[in-house]
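Colleague: Please work out how this folds:
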Amino acid sequence: MNSALNNKKLQILFLIFASLLIFLGRQLDNGIQNFDDAYYAQKAKEILESGSLWLITYSGIPAFDNPPMPFWLTALAYSVFGVSTYSAIFPSALFGTGVILITYRLSLLIYKDYWIAFASAFVLLFPGLFVDASRRSMVDIPLAFFVVLAFYAFLKARDQKPWYLIFGLATACAILTKSVLGLFPLTIIGAFLIFSRQWREFINPWFVSGCMIVLPLGFSWHLVNWQHYGQEFIDMHFGYLLGNQGNRHAANPYYFLGYAKDFYRNYWPWLPITLIGLVQFGKRGFREKDKVSLFLFLWPVLTFLVMSTARNQVIRYLFMMFPALAIINAKTISEWLGPDKKNQALAIMVGVIATTILFVNTTSFRVKVSLDQQSKEVREIAPIINLNTSKNQRIGNYRLNPYSPRLTMLFYANRFIELGKTSVPEKLIESLSSNPEKLWLTSLGEFSKLTGQYPDKIYLIHANSKYAFFTSIDNREKIRYDFSSLSPTFIIDQKESRSSIFDNLKYKGGGSNNAVPAQECQGAIKQFGSFVTSWRTEPKASPSFWVFLPPVIYYPHTKFPADLSRNVVTACGIDKGVWGEGKTHNLQCSDQLHSFKRSVDTLMAVSAVMPYEYSPSHSVWDKMEQGCSDNGLCEFQLESTRYAVMESYSKVKAACILN
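Modeller: Numbering: from 1, shown residues only. Reported below is the predicted structural model:
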């Protein structure tokens, strides 16, 4: 073919710039989606704020569900561009571009055909599932990148054995992205070597070296969290998440058909070609012993079959096999077309991509999730909520969805809406009377009903076209910033919240590391230690309950003695802030005491969530009351936060030189 479009360098440059323009186009005005996107973006924000790379949290609560690789990269984007929607999506866009490029290179490596390589990239881009995911803050696109990179490195290693090290490194990164799903490259390559009878490759020193990289590096996050949190991490990450406990699809006996239905609904026009291509590649691989066909057949088929055994099936979980499907489609179509038809098809593909670039960046049409305006009303009202509340202050939930707008509000406003909602107007009025300073959020429609029923009970702080932020009429004089007189459209959030520069300042004064704290400080620490000794040995009791996002489990324990912890704070002078060493005269002791205070604050904040998760009439409280009277277990606590307090106390004892 003589077409200028078959130039390799031109094709690569076109695909890179086209992908970036499609994935990053029109992101500044769209906002982040409420569910997984906001959840992942918040985790990355907390990594940036805390500096903790291995112990991931969500709203200060340890989160065991996702490994940290995507969040590290998002936190890096935050540090460069600032915390924003654009920064949250930026890594996914880069990884999406990387998947397109490596799919092109992989196809070219296998078939040495520029048309097939370009067509593979085109099939991956359209009809739009992959594009939509690359424009969101998700973990599935990074996983697809590391999986396709691992396979590319494996095929390169046929001629250059050191590429096996890249194979091992890419597989390890896949595990650090989505846990055991990152093992698919190792599993599929193992099956391929067995079916193709390449037994000697299993003992190739380079292959063995690559595999040895996978486990220690890939499961490093698991090891760190297991060492820090113990069995709770194992139970939560593997037992709950990978065991599909509590999954909403558990009652469906035909759950294994979920992915087949998703492909039937979404993978057009490629679905018929894919099925034909898979049959052809399967025949060539097994009957004709064609190793390339066998590899491209096993990659998607094994992935599809294994993933279909899971009860929670979402098509984006299969993006790691989309590059193989794209190459199969491109190769199959190539065999059907002559040279002239291929030139025409290539021009059409370039035209479609160019048209998509213009559509995404210059039109006002809103199709697909990532092109639609997300969280607009949340972004508008978030700064008002932030101005009128203090850090860690919870916002009341009146008849709002348990997760929307709760997740995006935490990201944009740094404030947490209660998961448990108040649904009865009389209960709300009762709460306003007993706690008039509490602030609430509801939908504009529900607020209109409330003002009709109780015009002299509630006071609007601010409202937009969707949400109303309000409090008790008795609290109106204490509102810091009252925007009730402004039109909802007058305030538009153009600047997302940033952490204060003072949040990261550290004490840099002098002092020794071997001084013993003052007597009153020692006494307060030892008094608290007497509680920790008995508290440490308490078993996990019933009733226990799951709370989602992050998925955690609460157990009843002895009520935490807030007065004893306050005594430590006061007696040791750590209530003076980060600037002084208090009454310890020992920098290490002072640092550990501040760390202790933070761990206690987290424990108490997390424990305070439970009363809002279940209504007073819920059966959990009857069981809790019985356990409280029988065994003294009167407070729901999170095991990881208990463990953090106990560990922090042990470090205080060591640093403060207490016997």
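Colleague: Averaged over its residues, which helix or strand of the chain has the lowest pLDDT?
Modeller: Ranked by mean pLDDT, DSSP states H and E, the helix or strand of the chain with the weakest confidence is helix 610-613, at a mean of 56.
Colleague: residues contacting Ile203?
Modeller: Ile203 is in contact with no residue at all, counting by C-beta atoms under 8 Å, 6 or more residues apart in numbering. C-beta coordinates here come from the backbone N, C-alpha and C atoms, glycine included.
Colleague: Please report the distance of it from Ile213.
Modeller: Ile203 sits 17 Å away from Ile213, going by C-beta to C-beta, to the nearest Å.
Colleague: just Phe195 next, same as before
Modeller: Per C-beta to C-beta, Phe195 is found 24 Å from Ile213.
Colleague: So which residues of the stretch 201-350 of the chain form helices?
Modeller: 205-218, 220-229, 231-234, 258-266, 271-286, 291-307, 322-336, 339-362 (DSSP state H, counting those that start in this stretch).
Colleague: Now do the fifth one, average pLDDT.
Modeller: Averaging pLDDT along helix 271-286 gives 95.
Colleague: Over to stretch 47-60?
Modeller: On average, the pLDDT along stretch 47-60 is 90.
Colleague: do the same with stretch 220-235
Modeller: 89.
Colleague: Any chance you could list what contacts that stretch?
Modeller: Residues from elsewhere that reach stretch 220-235, judged by C-beta under 8 Å, 6+ apart: 54-55, 62, 64, 67-68, 176, 179, 237, 553, 639-640, 643, 647.
Colleague: buried set for it?
Modeller: Ser220, Trp221, His222, Asn225, Trp226, His228, Tyr229, Glu232, Phe233, Asp235 (16 or more other C-beta atoms under 10 Å).
Colleague: Quickly name whichever of those is closest to Leu346.
Modeller: Trp221 (43.6 Å; C-beta to C-beta).
Colleague: Ramachandran angles for Phe416?
Modeller: The phi and psi torsions at Phe416 (degrees, to the nearest 10) take the values phi -110, psi 120.
Colleague: before we move on, the earlier item: out of the helices of the stretch 201-350 of the chain, which is closest to Lys45?
Modeller: Nearest to Lys45, of all those, is helix 220-229, at 18.5 Å by C-beta to C-beta.
Colleague: Report the distance from the closest one to the chain centre.
Modeller: With C-alpha atoms, centre = their mean, to the nearest Å as the basis, helix 220-229 stands 18 Å off its chain's centre.
Colleague: Also stretch 86-97?
Modeller: Stretch 86-97 has its C-alpha centroid displaced from the chain centroid by 14 Å (C-alpha atoms, centre = their mean).
Colleague: Please save the CA atoms from it in CSV.
Modeller: What follows is stretch 86-97 as a C-alpha-only set of coordinates in CSV (Å, rounded to 0.1, in the frame of the first residue of the first chain):
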residue,chain,number,x,y,z
TYR,A,86,-8.5,17.5,36.1
SER,A,87,-5.7,16.2,38.3
ALA,A,88,-7.8,13.2,39.4
ILE,A,89,-8.5,12.2,35.8
PHE,A,90,-5.0,13.0,34.4
PRO,A,91,-3.3,9.6,35.2
SER,A,92,-6.2,7.7,33.6
ALA,A,93,-5.9,9.7,30.5
LEU,A,94,-2.1,9.0,30.3
PHE,A,95,-2.6,5.3,31.0
GLY,A,96,-5.4,5.2,28.3
THR,A,97,-3.0,6.7,25.8
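Colleague: ok, residues contacting it?
Modeller: With C-beta under 8 Å, 6+ apart as the criterion, stretch 86-97 contacts 16, 19-20, 23-24, 27-28, 32, 37, 40-41, 44, 70, 73-74, 76-78, 80-81, 130-131, 133-138, 141-142, 144-145.
Colleague: Quick check: Ala41 vs Phe145, distance?
Modeller: Counting by C-beta to C-beta, the gap from Ala41 to Phe145 is 19 Å.
Colleague: and if you look at Ala75?
Modeller: 18 Å.
Colleague: same thing with Leu223?
Modeller: Distance from Leu223 to Phe145, by C-beta to C-beta: 24 Å.
Colleague: got the buried residues for stretch 298-314?
Modeller: Those would be Leu298, Trp299, Pro300, Val301, Leu302, Thr303, Phe304, Met307, Ala310, Arg311, Gln313, for stretch 298-314 by 16+ other C-beta under 10 Å.
Colleague: Show me what it is in contact with.
Modeller: 151, 184, 187-188, 191-192, 195, 244, 247-250, 252, 255-260, 262, 278, 282, 285, 317-318, 320-321, 324-325, 328.
Colleague: which among those end up buried?
Modeller: Here, 16+ other C-beta under 10 Å leaves 151, 184, 188, 191-192, 195, 247, 255, 258-259, 262, 278, 282, 285, 317-318, 320-321, 324-325, 328 buried among the contacts of stretch 298-314.
Colleague: Now the phi/psi pair for Tyr555, please.
Modeller: phi -130, psi 150.
Colleague: If any of the contacts of stretch 86-97 are buried, give me the ChimeraX selection for them.
Modeller: Selection of the buried residues among those in ChimeraX, burial being defined by 16+ other C-beta under 10 Å:
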select :19,20,23,24,27,32,37,40,41,44,70,73,74,76,77,78,130,131,133,134,135,136,137,138,141,142,144,145
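Colleague: Identify those among the contacts of stretch 86-97 that sit within helices.
Modeller: Residues of the contacts of stretch 86-97 located in helices (DSSP state H): 16, 19-20, 23-24, 37, 40-41, 44, 70, 73-74, 76-78, 80-81, 130-131, 133-134, 141-142, 144-145.
Colleague: what sits against the residue lying closest to Phe319 once chain neighbours are set aside?
Modeller: In this structure, Phe319 finds its nearest non-sequential neighbour in Ala144, 4.2 Å apart by C-beta to C-beta, 6 or more residues apart in numbering. Taking C-beta under 8 Å, 6+ apart, we find Ala144 in contact with Phe95, Val99, Phe319, Met320, Phe322, Pro323.
Colleague: ok, now with 6 Å
Modeller: By C-beta atoms under 6 Å, 6 or more residues apart in numbering, Ala144 lies in contact with Val99, Phe319, Met320.
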